[in-house]
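J.: only geometry, no sequence info:
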């Protein structure tokens, strides 16, 4: 199978480029009978749009168009094709890349080598985070499907930016993540994170951070060991987001420092249901969901596009030089990544729920 | 596609159970013409075998049998089937699980739910780390293929156990990882790690740690964005190893704390080759290998089987209770995981090298 | 994997409905560097359009729009999305189906059962031959790719309609297949076929036939035994065309009546190349191309939409009745199927040429 | 995905060679809870074994060994690995192929080209019909699964050999197909077919024929349009059987000669169930099963190994010559193909029944 596909029974194929005509997605395997409108998709896509001074100044309407797969307000079981048109495009800054100057931290050089120089370099082409609009359109479908059938709720939020960490928060608090532009539901922390972002921006620099994503009401039994275990498939999807450098579940890297007696989650029965008293496992045991909240954390590097001069090379002329990266950029992508992480988590969960028969091919 | 398959152009299907007749693997897509003997496989499988008091007392010969796919000492292009027979099996301790008692941290309960109680519980069945013998047989093939065609070298080693970290080491030092039973090539650190493992064992407990794996001579251009990016596919494979809770590339989670100006790797030309002066990216940019050493770290939780009494449930009778996990177990799996991590990294690299045409379907 | 995908290294996903907004296709795995314009696609799509009184009176412009994957006139290695908009839509005749009346020979009832009544019934929805516009857009890409890289030529033509068979023709003659609207390159036979079609049309009936497709210059070695043998994959693709009921290679069903001494193709050397003196095998031995012309024949049933009253059922009300199928229809689809068969044969060959390394991922 | 895999949710991977150690298969996606013993598999495998003078004199015990996936007499949901060992091997006759002499009609030359001469040529290696033992082991599992869950019955039989055709027979009669060695349940026709086979054998020649396969009780709704339509997937599987040159459903190639008014199956309601009054469609409409008996016919060429001298080439020395094919061979494979066709039809139906949710992942 080829690189732009994700999923087995719910499959998305991503298409489009940062400065091309459109960004889109086709989803196959959508169960028939799900109520779905362009508004359902639009409202999630809107969460991803840059909204304030901590994001790029590129302003795209991102107006969603459903091209196929819906009839009389419901999914038909046929492929669902969706796209947005690119409007606010300014490709002049990318002439430098066309000339062979690599932006450190970007895929300019690797893409040039892989595609023999034929790839569209404008705005990073396929390597732009703009491509994730397609992920989010697919995620909007998946979120609605999960909520409609299994009452699954997926909540991502900014856990850390520039080393500033959010404290432990309740589910109630987490649900308010979209109430500020930092997507960190602890207002005081959000304020400090925003300051850090703006300071970096001012200095022509950028900052990274961590998104945590929690899924509630996941039934016991999702995941297909060994190689399509739930963590395997989630990790594969999450590492497809530009700028992701690490993924961990539950206690994650901290587990490596614990003893078994500290890391094992004791089990108990509550309201007739088997639960664990702690959740170091992050909701997955043996690659299969165990009914506890799924907890995954995703590390984002700071955006590679910075205003400071950097040592680099020209890969066409094979010479060294300095670059000041032109264009409009995000000083931080962590907050904008929240709906993207939610989307991919939801998509993988929906795919696995279909595989395991928790969601039928035709909805009532 | 189903859960026990990994890969696209080089595909393995894992089979067998911990206490069943055999553990095996079938690999399809193997290029024709690679010299291959049972000895080639055996020598890597032997690296995985428990060898000292820091591992389980179960002693398996793990004698590799190649069933198909080799003729006159070379691969034929046909599926390569391999297996080892299970010999030293003692299933009595697993009667507890059959009765419904879940071992905290294990997949007993999730497997029971997923397979309706039909799964083989003896020794953990398909969820036992014993299954990874098949991964290592496949890895041995992949390692030989990579070395034979592209001179790629894959070096894993124990970076951390029980919070004790190895210092930065040279490639020369790392190559000596198999000279001690802890697989940490820094003898003084290895000695301290071993002490920590034995202390935990003595106390009926277990410890976790981190394996770092480096691949040298990876050509520029491996990885199929977006969803089969090199990091995506590596992470998917690595999360299939039992006990893995986190995966990161290059600077990984540390990147989230850095600024762009610190995290970007400046580029330069050395001996006519484009390089980066640091390697925070871990050898991957935009999901594609950039020619620098591939660096991935894998966090292992402490083994869930401990001698201490733990609070748990009986999922058949739906009642709470305590368990002291019976059976022979590893107080730490990190050192034994080294050849497993190497195997999966090699397998994914070989698959991608075939996809990208760096390895032809027929070798000279 | 899901139902609307075809291929492994060159993959298409089909989307759109007969009376929906669009019909389209996304192709992933396209090698970078192939010169490609909308005109290249349009000219093949135009061959599929109804053009005379032997086809439906529905008139669609079928104006091709390339949405992504091409930059500066060449493919980029990114997904190639293409679509045409539906314009000449008249959905009134399909109210009968919405009410539950099944058209005999159509998928109304099976689609209703499979998709729980949510499928778009207008014009047959996804089951309309209109969907094949997407196949042909993908085929146009594949044809150009094969011709550009391997000089492969794919020639389909009408071999039989309504029991009237074309005589053996030379390759030179076959190349003229598009010179008449019957797509049978023997003018006298074409004339008689047309008469038979018009007679059936006049009588409110329809006729079937056979398309033969020949591919020249196929290199030795395409096909991945056992289950992705070249004939397996071609047959799978060809049975996806609506109305196809049989597929045979070389001597096909006739082989079943021959003796080995008659059916075996004697081998010889001509101009330094291994050939067979006959071609009963149709260019495939052991599932692998043997360098001789690939020959496949595809049987099309007569269109199910006829003007005569037919005994049928109402599947919503579970009652019997009679139907006179409304709407605009083709009295024969065989001639229109020629570019569709060529397209799918080309697509499968291109996919296999990529798998086997005959076409590189980046073109010179 | 690679060539030796078949299926999506029920997947088999075939391994082994004609004169290697074993022939085997691994099946993943098997639902948990199906009663299964080696005897269940053995009894179907035994139907495939040569049994009389109309088959090869090679005599293999074909003793089935289940290696994994069954516990306490039931499937566990884990991969089911099975194999038989090759015993009666005489590879001397194949020295000719090793020297470069191609047997006309065989894959010697194409395999040599595809695998660079590294393929195992003994007994045809992977291209031998012996490989189908693996298909039949997988088929035995699928047949049991279909019968256990959906009461589906799959009946293949010899429809035609050497131009001699069986008359129309009732289902009751067809069920007796294994009562004679020709597998044609019409004794008088079977007698004449056997004569024809023996006559061809006597003359050093071989004969071909047609297997028809019928599946009863297939529910409405199997098949995933467009490219995994039920006919597409069945045809793909059936063309993987060595010697198959044609596949047709229902009226098949005859449909091409009929008018719509003759070919459409009128619909009616019988005992509260929607049926068609004829079955020209062969149980499939729009790529989806319609609840009527599935009817497929498969054309087998005469075996290519004949005792008569044939014109051929030496592909290593690039010279022409004559060959008298040595070894032990079948003068006809049609009768032996009956359980193979049944097996693949059953396997594809079981895969689709799992995909569509008609068979759950865990059986009661």
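T.: Ah, there it is. Model, not experiment: these values are computed from the prediction.

J.: so where's the stretch 101-250 of chain A uncertain?
T.: The model of the stretch 101-250 of chain A has no residue with pLDDT under 70.

J.: mind listing the helices in it by residue range?
T.: A:108-114, A:132-150, A:171-174, A:187-202, A:230-238 (DSSP state H, counting those that start in this stretch).

J.: Which one of those lies nearest to chain C?
T.: Minimum separation from chain C across the helices of the stretch 101-250 of chain A (CB to the nearest CB) falls at helix A:108-114, 7.1 Å. Any C-beta I mention is one placed from the backbone N, CA and C, and that applies to glycine too.

J.: name the helices or strands packed onto the closest one?
T.: strand B:288-289 (3 or more CB pairs under 8 Å, 6 or more residues apart in numbering or on different chains; DSSP states H and E).

J.: Please name the strands paired to whatever helix or strand comes next after the strand it packs on in the sheet, noting orientation.
T.: Later in the chain than strand B:288-289, the nearest helix or strand by DSSP states H and E is strand B:294-300. Partners of strand B:294-300 in the sheet, by DSSP bridges, are strand B:209-216 (antiparallel), strand B:244-249 (antiparallel).

J.: so of these, which one's packed in deepest?
T.: strand B:244-249 (a mean of 28; mean count of other CB atoms under 10 Å in any protein chain shown).

J.: TSV for the strands paired with strand B:294-300, including distance to residue A:81?
T.: Below are the strands paired with strand B:294-300 laid out as TSV (distance: least, CB to CB, whole Å):
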stretch	distance to residue A:81
strand B:209-216	38
strand B:244-249	33
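
J.: So which of the ones you listed is nearest residue B:124?
T.: Residue B:124 lies closest to strand B:244-249 among these, at 15.5 Å (CB to CB).

J.: Tell me which of the helices of the stretch 101-250 of chain A is the most buried.
T.: Of these, helix A:230-238 is the most buried (mean count of other CB under 10 Å), at a mean of 28.

J.: So that helix, near chain B or not?
T.: Yes - using CB under 8 Å from any CB of the partner chain, we find that helix A:230-238 touches chain B at A:231, A:232, A:233, A:235, A:236, A:237, A:238.

J.: show me where the stretch 201-350 of chain A has strands.
T.: With strands called from DSSP state E, counting those that start in this stretch, the stretch 201-350 of chain A shows them at A:209-216, A:244-249, A:267-270, A:273-276, A:284-285, A:288-289, A:294-300, A:310-314, A:319-323.

J.: got a list of contacts for the last one?
T.: If I follow you right, that is strand A:319-323. A:96, A:101-104, A:309-314, B:267-269 (CB atoms under 8 Å, 6 or more residues apart in numbering or on different chains).

J.: Show the buried residues in those residues.
T.: Among those, those scoring as buried are A:96, A:101, A:102, A:103, A:104, A:310, A:311, A:312, A:313, A:314, B:267 (criterion: 16 or more other CB atoms under 10 Å in any protein chain shown).

J.: Who are the contact partners of the closest residue to residue A:186 other than its chain neighbours?
T.: Spatial nearest neighbour of residue A:186, excluding adjacent residues (CB to CB, 6 or more residues apart in numbering or on different chains): residue A:166 at 4.8 Å. Residues in contact with residue A:166 (CB under 8 Å, 6+ apart) are A:157, A:158, A:159, A:160, A:184, A:185, A:186, A:189.

J.: Residue A:236 now?
T.: Taking CB under 8 Å, 6+ apart, we find residue A:236 in contact with A:6, B:227, B:232, B:233, B:235, B:236.

J.: Could you identify the most distant pair in those?
T.: Using CB to CB, those span at most 13.5 Å, a distance reached by A:6 and B:235.

J.: Residue A:216 is in contact with residue A:171, correct?
T.: Yes - Residue A:171 is in contact with residue A:216 according to CB atoms under 8 Å; the separation is 7.1 Å.

J.: Need the residues touching each of the two.
T.: Common neighbours of residue A:171 and residue A:216, using CB under 8 Å, 6+ apart, are residue A:155.

J.: gap between the residue nearest to residue A:186 and chain B?
T.: 13 Å (CB to the nearest CB, to the nearest Å).

J.: try residue A:206
T.: Taking CB to the nearest CB as the measure, residue A:206 falls 4 Å from chain B.

J.: Equivalent analysis for residue A:278, please.
T.: Remark: distance between residue A:278 and chain B (CB to the nearest CB) = 10 Å.

J.: What residues does that residue make contact with?
T.: Applying CB under 8 Å, 6+ apart to residue A:278 gives the contacts A:265, A:266.

J.: Pull the number of nearby residues for residue A:63.
T.: Neighbourhood size, residue A:63 [other CB atoms under 10 Å in any protein chain shown]: 12.

J.: who touches the nearest residue to it once chain neighbours are set aside in this structure?
T.: Of all residues not flanking residue A:63 in the chain, residue A:84 sits nearest, at 6.0 Å (CB to CB, 6+ apart). Residues near residue A:84 by CB under 8 Å, 6+ apart: A:22, A:23, A:24, A:45, A:60, A:61, A:62, A:63, A:64, A:65, A:133, A:137.

J.: Mind doing that once more with 10 Å?
T.: By CB atoms under 10 Å, 6 or more residues apart in numbering or on different chains, the residues touching residue A:84 are A:16, A:22-25, A:41-42, A:45, A:60-65, A:130, A:133-134, A:136-137.

J.: What average pLDDT does the strand or helix carrying it get?
T.: For residue A:84, the enclosing helix or strand under DSSP H and E is strand A:80-85. Averaged across strand A:80-85, the pLDDT comes to 98.

J.: what's across from the closest residue to residue A:175 other than its chain neighbours in the sheet?
T.: Of all residues not flanking residue A:175 in the chain, residue A:155 sits nearest, at 6.4 Å (CB to CB, 6+ apart). As for beta bridges, residue A:155 partners with residue A:214 under DSSP bridges.

J.: Retrieve the pLDDT associated with residue A:96.
T.: Looking at residue A:96, its pLDDT stands at 89.

J.: what helix or strand does it sit in?
T.: Residue A:96 belongs to helix A:95-98, assigned by DSSP H and E.
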